[in-house]
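Student: What shape does this take:
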Amino acid sequence: MFIHMRLETERLIIRPFTLKDAEKLQVICSDEEVVRYLPENVMTLDEVREIIAWLLDCYQKNTPDNIVKFTVAVELKDSNELIGWCGLGPLEFAPSETEIFCGFARQFWGRGIATEAARAMLGYGFETVGLIEIAAVVHPDNVASKRVIEKMGLIYRRQFTDPTGGYRDYADYYYFSLRRDEYTGAQKRPSPDRQFYRGEN
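Tutor: Numbers count the residues shown, from 1 in each chain. Here you go, the predicted structure:
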């Protein structure tokens, strides 16, 4: 299921990483704006290679009932250029919950690519893996990611302060989730033009 996963969307191919992806991934991860809201900092090539090696090991260990980490490559269908990643994994502060996430090279921001990849991964999580609920967390300043989460149909549940400090600071993050029984309806209803959060007008 995980080792041979491959998804195709209108513009993208989503597939497991290989060590051949290390140099291109390092270029993406060396951009401070790309990693600005991530737990990780800018990474060296050796660090990226170590992470990919760890992901390859996780591909072997993942099961539907225990996703250790499932981060996969996103490439353009027409050129096979690696442009980012998406995936599923345990929330750092609540390991029993499964989080969806993605990241992309800056030149591909604002084109709907993140939403396209994230929707495909959401479907994979519910329809293939059989997850009961999928969550997402986002920094309040990360407006672009909030929009992607909303376009996927995830529902805003609450704000929280990460007790582990894994998200770098102690801001009140936004927590979204979607249950399997809400999934079909989420795909049918239009994306909201605006969501209201505590502390926002």
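Student: switch to C-alpha atoms for all contacts and neighbour counts from now on
Tutor: OK.
Student: any idea which helix or strand comes after the lengthiest helix in the chain?
Tutor: Counting by DSSP state H, the longest helix found in the chain is helix 45-61. Next helix or strand after helix 45-61 toward the C-terminus (DSSP states H and E): strand 70-76.
Student: list the helices and strands whichever helix or strand comes after that following strand packs on?
Tutor: As assigned by DSSP H and E, the chain's next helix or strand after strand 70-76 is strand 82-90. Strand 82-90 is packed against helix 22-29, strand 70-76, strand 98-104, helix 113-123, with contacts defined by 3 or more Cα pairs under 8 Å, 6 or more residues apart in numbering; DSSP states H and E.
Student: what about 6 Å?
Tutor: Helices and strands touching strand 82-90, by 3 or more Cα pairs under 6 Å, 6 or more residues apart in numbering; DSSP states H and E, are strand 70-76, strand 98-104.
Student: ok so, going back, how far does the longest helix of the chain sit from the chain's center?
Tutor: Mean C-alpha position of helix 45-61 versus that of the full chain (Cα atoms, centre = their mean, to the nearest Å) differs by 17 Å.
Student: returning to what we had before: would you list the helices and strands packed on strand 82-90 in TSV and tack on mean pLDDT, mean neighbour count and distance to L122?
Tutor: As requested, these are arranged in TSV below (pLDDT from 0 to 100; neighbours: other Cα atoms under 10 Å; distance: least, Cα to Cα, whole Å):
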stretch	mean pLDDT	mean neighbour count	distance to L122
strand 70-76	97	22	13
strand 98-104	95	22	7
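Student: With distance to I134 added, can I get these in JSON lines?
Tutor: Compiled in JSON lines, the helices and strands packed on strand 82-90 are given as follows (distance: least, Cα to Cα, whole Å):
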{"stretch": "strand 70-76", "distance to I134": "13"}
{"stretch": "strand 98-104", "distance to I134": "5"}
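Student: of all those strands, which lies closest to T44?
Tutor: strand 98-104 (17.1 Å; Cα to Cα).
Student: what's that closest one in contact with?
Tutor: Strand 98-104 has contacts (Cα atoms under 6 Å, 6 or more residues apart in numbering) with 83-91, 134-136.
Student: could you redo the last one with a cut-off of 7 Å?
Tutor: The contact list for strand 98-104 (Cα atoms under 7 Å, 6 or more residues apart in numbering) reads 34, 83-91, 114, 118, 134-136.
Student: ok, now stretch 63-80?
Tutor: So stretch 63-80 is contacted by 11-17, 55, 58-59, 62, 81-90, 129-130 (Cα under 7 Å, 6+ apart).
Student: So which residue is smack in the middle of the protein?
Tutor: In the chain, the residue lying closest to the centroid (Cα atoms, centre = their mean) is F101, at 1.2 Å.
Student: so where's this protein uncertain?
Tutor: Scanning the chain for pLDDT under 70 picks out 162-171, 185-201.
Student: The longest helix of the chain versus helix 22-29: what angle between them?
Tutor: Using axes from the mean of the first three to the mean of the last three Cα atoms, to 10 degrees, the inter-axis angle of helix 45-61 relative to helix 22-29 is 110 degrees.
Student: Show me what helix 45-61 is packed up against.
Tutor: Contacts defined by 3 or more Cα pairs under 7 Å, 6 or more residues apart in numbering; DSSP states H and E place helix 45-61 against helix 22-29, strand 70-76.
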